[in-house]
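Visitor: A predicted structure for the sequence below; I have some questions about it.
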Amino acid sequence: KQTATAKISVNVSIGDFSPLLRGPEFLFRGIATTGAHGVELWVGIKSRWTINYYRRLSQKYNVPIVALHQPLWAMTGVYFDEGFFRLGQSLGVQHITCHPLPGVALSSNRMHAYFSRLASMQEKFGIPILIENLPQQYRNGILHHFFPPASDSNDVLLLSETVSKYGLNL
């Protein structure tokens, strides 16, 4: 009797500050030895304007960039970075990870306008957008100290219901 086995794809999220005192090559070299299938690149100051360097590392270590995580300036609502979606398209990523706006209720007009804009980027660039929201115990203390999430965004079912209205997923 044959049984079906699920294949799990394991990806590692990396960013400009992980690890702080090591370069990106250290990360790609290490990830290549783990058997991970790819990386989610959290775009930041260093990576945004040196993407060709990250492409070369991806090819050198055979670790594809499978996803992009929205930059801090977009994640915190400081600036909506449309060029970031073009970057994802040029890399051929499988999805883009975004967060709900910090401190903004899911039911607010501002949040609905934000989700609507993400949905239009998803349609325009043809890349699925996933909304990420970590449980409180896994959140970055410094980031969430200055940009605390709205309490209703902790409710995964409510978040899922809200974003699905825009064709977005978790």
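Guide: Perfect, thanks for sending it.
Visitor: and the strands in the chain?
Guide: For the chain, applying DSSP state E gives strands covering 11-15, 38-42, 65-69, 95-98, 129-131.
Visitor: figure out which of those is closest to residue 75.
Guide: Closest of those to residue 75 is strand 95-98, at 7.2 Å (criterion: Cβ to Cβ). All C-beta atoms are positioned from the backbone trio N, CA, C, and that covers glycine.
Visitor: show residues contacting that closest one.
Guide: 40, 66-70, 74-75, 84-85, 88, 118, 122, 127-132 (Cβ atoms under 8 Å, 6 or more residues apart in numbering).
Visitor: switch to 7 Å and redo it
Guide: 40, 67-70, 85, 88, 118, 127-132 (Cβ atoms under 7 Å, 6 or more residues apart in numbering).
Visitor: can you tell me which of these has the most neighbours?
Guide: Most neighbours among the contacts of strand 95-98, by other Cβ atoms under 10 Å: residue 68, with 26 neighbours.
Visitor: helices of this structure, start to end?
Guide: 24-34, 45-48, 51-60, 72-75, 82-91, 109-125, 141-146, 156-164 (DSSP state H).
Visitor: could you dump these to CSV with distance to residue 100?
Guide: Putting the helices of the chain into CSV (distance: least, Cβ to Cβ, whole Å) gives the following:
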stretch, distance to residue 100
helix 24-34, 27
helix 45-48, 22
helix 51-60, 26
helix 72-75, 9
helix 82-91, 17
helix 109-125, 7
helix 141-146, 12
helix 156-164, 7
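Visitor: ranking those helices by mean pLDDT, which is last?
Guide: Least confident of these, judged by mean pLDDT, is helix 141-146 with a mean of 64.
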